[in-house]
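[1] here is a sequence together with a model predicted from it:
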Amino acid sequence: MQLHYIEKIRQTNPLIHNITNIVVANYVANGLLALGASPIMADAVEEMEELAKLSSALVLNIGTLDSVKVASMLIAGKAANQQGIPVVLDPVGVGATTYRKQVVAELLQQVKFSAIRGNAGEMAQLAGIDWQAKGVDAGSGAEDVALIAQMVAQRYQCIAAVSGATDYISDGQQVAKITNGTAMFPKITGSGCLLGAVLGAFLAVDQQNPFQAVTQACISYAVAGEIAAKALQPNQYGHFYLGLLDSLAQLDDQKVAEYAQVEVIGG
Amino acid sequence: MQLHYIEKIRQTNPLIHNITNIVVANYVANGLLALGASPIMADAVEEMEELAKLSSALVLNIGTLDSVKVASMLIAGKAANQQGIPVVLDPVGVGATTYRKQVVAELLQQVKFSAIRGNAGEMAQLAGIDWQAKGVDAGSGAEDVALIAQMVAQRYQCIAAVSGATDYISDGQQVAKITNGTAMFPKITGSGCLLGAVLGAFLAVDQQNPFQAVTQACISYAVAGEIAAKALQPNQYGHFYLGLLDSLAQLDDQKVAEYAQVEVIGG
Amino acid sequence: MQLHYIEKIRQTNPLIHNITNIVVANYVANGLLALGASPIMADAVEEMEELAKLSSALVLNIGTLDSVKVASMLIAGKAANQQGIPVVLDPVGVGATTYRKQVVAELLQQVKFSAIRGNAGEMAQLAGIDWQAKGVDAGSGAEDVALIAQMVAQRYQCIAAVSGATDYISDGQQVAKITNGTAMFPKITGSGCLLGAVLGAFLAVDQQNPFQAVTQACISYAVAGEIAAKALQPNQYGHFYLGLLDSLAQLDDQKVAEYAQVEVIGG
């Protein structure tokens, strides 16, 4: 029987260290609090190693970069690896500029990630597949998204989560396909970034089963969005932004199990 | 017949590159998404030139400055000029400190702006008029605000938009006077900054008619605020903050035309 | 008879300069606006001295640090001391890392603070008491929280405010114990940081009576939270985040007096 993830998170309040961007720092912190985790957002080089000792997971998000932040990410990532805590990468807009590609390449070379989460355009870039990307939003292309998830997972020996209308999670062999969610997700900024942080919280409480932890994280988050959207008109994006926090706070493992629409292939 | 701006923005999802402040980055991104544009918030020196090639407009906002960000603004501004995409300046609190005055002077010298948006105090400063300003909020003075708009437009060869209870837009000759809006706007942080970004989105889809694009942007935004405020009690600022996003998402060109209270003088 | 603080703040709109973290900058600005104060969030070294001349209070919050920001804090703090305006310290997560301890020690050495606000874990750290702290959230320990407030106040010759389910305010002799509030406060990010800024606004309008100003600030804020929470279900954290802003905007001194549950001991 599988872990009751949300219950476990609420019982243990794992400290999730985020090095993230100025756009979503607030939303990610509020989202982790709503879920029951304990967020710390810090990126001073001076405190990265010490924070790795206190934290239960690390989440690196490249949404707004600068050279100082990159240096902090490298130190934090290596320290987290040494401590044996899970590290999540969110390669925001990696296809958009050479700088982002270089930073992500360096992170992937120097840090071992438990999971990488991105939209199809970002993940295709990591898989080395040509995909039309515009800025930080997902592009569209002809490749099979499930395959992209498998390729990223194999290439970087981690769990790959490709977010979109349908989510695909892979450990390189198996692929979980999740059809929960809402079309409102891409209409608010930070919905993907918050999911990246939620992955950190789920991995923190079940490091031994990363595929299951990431899959459950994606299902739970998609269900929270689905429930929040139901109570709203189609384009009440402002209210969805907040409603999603309420929905995360009110979510429990049983509700997730009831709503879950997931199919696992291969393995 | 004039362009259906909002429809055009939703069809083309122009990528708007914002170099903005840590206070409003989230709100500006959410506001652009609600309108139908595609925001990218990035300020790493390393990626400014490449982003200019991907973007349909650039918005420079000096709300929270540092020397690195200023360097990025200069590179991004010049690259945008070279690409021929519109550039918007939001000189937040320019009257407050010598540093802000110097940064804005340098930006105005090195970058050609399509539009400048500010409150009366900020714009008076740019026009070289004495005006009592306190911090980043609009001060009050005896000068004619329409004249300030004209002076800024003439001095910097751009469209000038002076925001306030009444908005004044000028191309140096004509002045559009907009009386839509709500007294709630100055009660939430970032309402002016988001308007600056909205100017970028409107200019992106109609670069040939900047006076009309900026005027329509200001009307549309004021109408969105008016509609959001109507549904609330006078001091529900928190709910107005979010309601404005919903209102932007639900706005269309026809609704804007119905509500518009605008008068164009001169020209 | 005591000052009508909220009325005075709304009449004079004191400019509160905040050097704060990227997580809460937006919320703090919106909260100060809702209260009736005028926020400025700026941390460029170049403008710190000039802003001290314009501002009515300075609030230093160490939530997300870097060496540049620390340099700005020191300049701003000393300039504020020279101008004779109140300075508030919010030592976010000071117990978590050596770097934070060092920065706070340097700030306390070089800047005279009118008030320090933190949770029990943070304030115990400043008092030199062993206290279990995890990250930036309050830990729990066996010491008497009222004593911690007294010790911090005596040690740093300032008003100490220890926030929690019960708030304790001390000037080193007297201790005010406030039982207003709501369990939702720790469930949203920035609720403590905003209170730190609110302290700045109250001190700005009554610098002569800092103990009373800080006590009234804490009561008013706790009452605003209490009223906001009443209208919601227990875990609607998202709506509480915004509802608190509405509640601050709708608060007045009479309502605060009606709701206040405060007891002052000693003195």
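    Perfect, I can see it now.
[2] closest point of the stretch 101-250 of chain A to chain C, which residue?
    Chain C sits closest to residue A:245 of the stretch 101-250 of chain A, with a gap of 3.1 Å, by C-beta to the nearest C-beta. Placement of C-beta: from N, CA and C, glycine included.
[3] what sits against that residue?
    Neighbouring residues of residue A:245 by C-beta atoms under 8 Å, 6 or more residues apart in numbering or on different chains: A:30-31, A:34, C:237-238, C:241.
[4] which of those lies closest to residue B:182?
    residue C:241 (21.8 Å; C-beta to C-beta).
[5] contact residues of the stretch 101-250 of chain A facing chain C?
    A:241-246, A:249-250 (C-beta under 8 Å from any C-beta of the partner chain).
[6] what about the residue of the stretch 101-250 of chain A closest to chain C, which SS state?
    helix (DSSP: H, G, I helix; E, B strand; the rest coil).
[7] which residue, other than its chain neighbours, is closest to it?
    Excluding the flanking residues, the one nearest residue A:245 by C-beta to C-beta, 6 or more residues apart in numbering or on different chains is residue C:238, at 3.1 Å.
[8] now do the SS call for the one you found.
    When classified by three-state DSSP, residue C:238 comes out as helix.
[9] give me the number of residues near it?
    The local packing of residue C:238 (other C-beta atoms under 10 Å in any protein chain shown) involves 28 other residues.
[10] contact partners for it?
    Counting by C-beta under 8 Å, 6+ apart, residue C:238 makes contact with A:30, A:34, A:241-246, A:249.
[11] check what pLDDT the residue of the stretch 101-250 of chain A closest to chain C gets.
    We have a pLDDT of 98 for residue A:245.
[12] tell me if I'm right that residue A:180 and residue A:259 touch.
    Yes. Assessed by C-beta atoms under 8 Å, residue A:180 is found in contact with residue A:259 at 6.2 Å.
[13] now the strands for the stretch 51-200 of chain A?
    Counting by DSSP state E, counting those that start in this stretch, one finds strands in the stretch 51-200 of chain A at the ranges A:57-61, A:87-90, A:115-119, A:159-163, A:167-170, A:175-178.
[14] from the contacts of residue A:245, pick the one nearest residue C:216.
    Using C-beta to C-beta, residue C:241 comes nearest to residue C:216 of the contacts of residue A:245, at 23.8 Å.
[15] what's the spacing between the closest one and residue A:257?
    28 Å (C-beta to C-beta, to the nearest Å).
[16] got the angle for the longest helix anywhere in chain A vs strand A:115-119?
    Criterion DSSP state H: the longest helix present in chain A is helix A:210-230. Between helix A:210-230 and strand A:115-119, the angle comes out at 40 degrees (axes from the mean of the first three to the mean of the last three C-alpha atoms, to 10 degrees).
[17] gap between helix A:210-230 and the chain center?
    Distance of helix A:210-230 from its chain centroid, counting by C-alpha atoms, centre = their mean, to the nearest Å, is 11 Å.
[18] which parts of it count as buried, going by neighbours?
    Within helix A:210-230, the residues that count as buried by 16 or more other C-beta atoms under 10 Å in any protein chain shown are A:210-229.
[19] same deal with stretch A:198-208?
    Quick answer for stretch A:198-208 (16+ other C-beta under 10 Å): A:198-206.
[20] counting neighbours, what do you get for residue A:108?
    18.
[21] what about the closest residue to it other than its chain neighbours, distance to chain B?
    Closest residue to residue A:108 apart from its sequence neighbours, by C-beta to C-beta, 6+ apart: residue A:156 at 6.0 Å. Separation of residue A:156 from chain B (C-beta to the nearest C-beta, to the nearest Å): 23 Å.
[22] can you check residue A:87 too?
    Computed as C-beta to the nearest C-beta, the residue A:87 to chain B distance reads 22 Å.
[23] give the contact list for that residue.
    By C-beta under 8 Å, 6+ apart, the neighbours of residue A:87 are A:57-60, A:77, A:80-81, A:111-114.
[24] poorly predicted segments of the stretch 151-267 of chain A, please.
    Across the stretch 151-267 of chain A, the ranges flagged by pLDDT under 70 are A:267.
[25] at the contact with chain B, which residues of it appear?
    Listed as neighbours of chain B in the stretch 151-267 of chain A under the rule C-beta under 8 Å from any C-beta: A:186-190, A:235-239, A:241-242.
[26] can I get those in JSON lines including distance to residue B:6?
    Listed next are those as JSON lines, based on distance: C-beta to C-beta, whole Å:
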{"residue": "A:186", "distance to residue B:6": "19"}
{"residue": "A:187", "distance to residue B:6": "15"}
{"residue": "A:188", "distance to residue B:6": "19"}
{"residue": "A:189", "distance to residue B:6": "19"}
{"residue": "A:190", "distance to residue B:6": "24"}
{"residue": "A:235", "distance to residue B:6": "12"}
{"residue": "A:236", "distance to residue B:6": "17"}
{"residue": "A:237", "distance to residue B:6": "15"}
{"residue": "A:238", "distance to residue B:6": "17"}
{"residue": "A:239", "distance to residue B:6": "20"}
{"residue": "A:241", "distance to residue B:6": "21"}
{"residue": "A:242", "distance to residue B:6": "24"}
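[27] the residues you listed: which two are farthest apart?
    Farthest apart among these by C-beta to C-beta are A:190 and A:235. That separation is 17.9 Å.
[28] neighbour count winner among these two?
    For residue A:190 versus residue A:235, neighbours defined as other C-beta under 10 Å are more numerous around residue A:190 (27 against 19).
[29] how far off centre is the strand or helix carrying residue A:49?
    Taking DSSP states H and E as the definition, residue A:49 sits inside helix A:48-54. How far helix A:48-54 lies from its chain's middle: 21 Å, per C-alpha atoms, centre = their mean.
[30] may I see the buried residues of that helix?
    For helix A:48-54, the neighbour count (16+ other C-beta under 10 Å) marks A:48-52, A:54 as buried.
[31] ok so, going back, looking at residue C:241 and residue A:257, which one has more neighbours?
    Taking neighbours as other C-beta under 10 Å, residue C:241 and residue A:257 compare with residue C:241 leading, 26 against 14.
[32] OK, contacts around the residue nearest to that one when sequence neighbours are not counted?
    Of all residues not flanking residue C:241 in the chain, residue C:188 sits nearest, at 4.7 Å (C-beta to C-beta, 6+ apart). Listed by C-beta under 8 Å, 6+ apart, the contact partners of residue C:188 are A:30, A:33, C:237, C:240-241, C:244.
[33] what subset of those residues is buried?
    Among those, those buried by neighbour count (16+ other C-beta under 10 Å) are A:30, A:33, C:237, C:240-241, C:244.
[34] next one: the residue lying farthest from the centre of chain A from residue B:246, what distance?
    Distance from the centre of chain A peaks at residue A:233, with 26.6 Å (C-alpha atoms, centre = their mean). As judged by C-beta to C-beta, residue A:233 and residue B:246 stand 8 Å apart.
[35] so what pLDDT did the nearest residue to residue A:189 once chain neighbours are set aside get?
    Excluding its sequence neighbours, the residue lying closest to residue A:189 (C-beta to C-beta, 6+ apart) is residue B:29, at 3.9 Å. pLDDT, residue B:29: 98.
[36] picking that back up, for residue A:180 and residue A:259, indicate the residue with more neighbours.
    Neighbours were counted for residue A:180 and for residue A:259 using other C-beta under 10 Å; residue A:180 has more, 21 against 16.
[37] hang on, residue A:78 packs against residue A:110?
    Yes. The pair residue A:78 and residue A:110 qualifies as a contact (C-beta under 8 Å) at a distance of 6.4 Å.
[38] now the helices for the stretch 1-150 of chain A?
    Here the stretch 1-150 of chain A has its helices, by DSSP state H, counting those that start in this stretch, at A:5-12, A:25-35, A:48-54, A:67-83, A:98-110, A:120-127, A:145-156.
[39] reformat these as CSV; add distance to residue C:266.
    Compiled in CSV, the helices of the stretch 1-150 of chain A are given as follows (distance: least, C-beta to C-beta, whole Å):
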stretch, distance to residue C:266
helix A:5-12, 39
helix A:25-35, 35
helix A:48-54, 36
helix A:67-83, 45
helix A:98-110, 55
helix A:120-127, 59
helix A:145-156, 61
